[in-house]
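> My questions are about this predicted structure, shown below with the sequence.
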Amino acid sequence: MFFALQPRLAVLSDINADLINTYCLVRDRPAELIRRLKRLPVDKSTYDRLRASDPEPPVERAVRFLYLNRTAFGGIYRLNLAGQFNVPYGGGERTPEVLWRRDLLATASRVLADADVRHADFELAVESARRGDAVYCDPTYTVAHENNGFVRYNQRNFSWQDQERLACVARRAGERGAAVVISNANHASIRRLYKGAKFQVLERYSSVSTDVSKRRQVRESLVVIGPAVV
Ligand SMILES: C[S@@+](CC[C@H](N)C(=O)[O-])C[C@H]1O[C@@H](n2cnc3c(N)ncnc32)[C@H](O)[C@@H]1O
């Protein structure tokens, strides 16, 4: 997902049509989404039924997206080669309830009220950034987290050519005077790609794995290009 924040206009852009549809519905009809989500039992058979469904009305697609996101194992979003969501049921504490108990949808709706939400490739959003804008890019990682030389290509979701294209448009936006921040893996190939940029290494706990031994602290990079970001 890619944000370009300007003084009065926020642009939020992603290539995933279901995600962007959900953002639009969260912005415009949060109460209706909550009403519909509350009617859905949280159990495996409802999960399996929704996962297999392919509704057309935008509001139903958004309800399906939010329900699956909140009840899927680890909150993972993964499609198979046929483009079907294939994450297993999470069970336990994974329920959509937090969306209304902590007012998350209502808050997100207020934050998105004036946002220009676009279904588009990142290049369009980043190319529109000008002096004084702040841009945050959260691309799909192409390489594994650790700095151990191991490169796990994620060619189908975000190819290395996409990483190079992003680095190129980010540099151009920086030259125009926009401040650009990109989160990515803490990996030598990423440091080479953004040679000359500022790097900040952050640590976080990664719990997204069925294999408990793979849940651990991981290091990630924030790449900063252009004027100082406050
Ligand atoms: C690491 S995820 C970030 C998700 C986001 N932080 C969120 O929680 O909604 C990477 C995102 O990049 C998007 N993406 C992949 N290729 C893209 C492209 N060419 N243009 C725009 N967005 C893209 C994916 O659809 C995905 O939502």
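Arrived safely, thanks for sending. Numbering: from 1, shown residues only.
> Can you show me the helices along this structure?
All helices of the chain, identified by DSSP state H, fall at 17-28, 30-38, 44-52, 58-71, 98-101, 104-112, 122-127, 160-175, 188-193.
> now the fourth one and helix 104-112, what's the angle there?
This points to helix 58-71. Angular relation of helix 58-71 and helix 104-112 on a 0 to 180 degree scale: 120 degrees, by axes from the mean of the first three to the mean of the last three C-alpha atoms, to 10 degrees.
> does helix 58-71 come close to the ligand?
No. Applying C-beta under 6 Å from any ligand atom, one finds helix 58-71 out of contact with the ligand, separated by at least 9.3 Å. All C-beta atoms are positioned from the backbone trio N, CA, C, and that covers glycine.
> List the contacts of that helix.
18-19, 21-22, 24-26, 29, 32-33, 36-37, 40, 42, 46-47, 50-51, 53, 55, 75, 77, 85, 87, 89-90, 94-96, 98-99 (C-beta atoms under 8 Å, 6 or more residues apart in numbering).
> okay, Val63: pLDDT?
Note for Val63: predicted pLDDT of 98.
> number of nearby residues for it?
Val63 has 24 neighbours, counted by other C-beta atoms under 10 Å.
> And it, how far from Val98?
Per C-beta to C-beta, to the nearest Å, Val63 is found 16 Å from Val98.
> Equivalent analysis for Ser189, please.
36 Å.
> Surely Glu164 and Leu193 touch.
Yes. Between Glu164 and Leu193 there is a contact at 6.9 Å, judged by C-beta atoms under 8 Å.
> what about those two, which has more around it?
For Glu164 versus Leu193, neighbours defined as other C-beta under 10 Å are more numerous around Leu193 (21 against 11).
> What separation do you get for that one and the ligand?
Going from Leu193 to the ligand by C-beta to the nearest ligand atom, to the nearest Å gives 16 Å.
> so that residue sits right up against Asp162, yeah?
No. In this structure, Leu193 is not within contact of Asp162 by C-beta under 8 Å, at 11.4 Å.
> How is this structure divided into domains?
Domain assignment for the chain by automatic domain parsing gives 16-112, 121-225.
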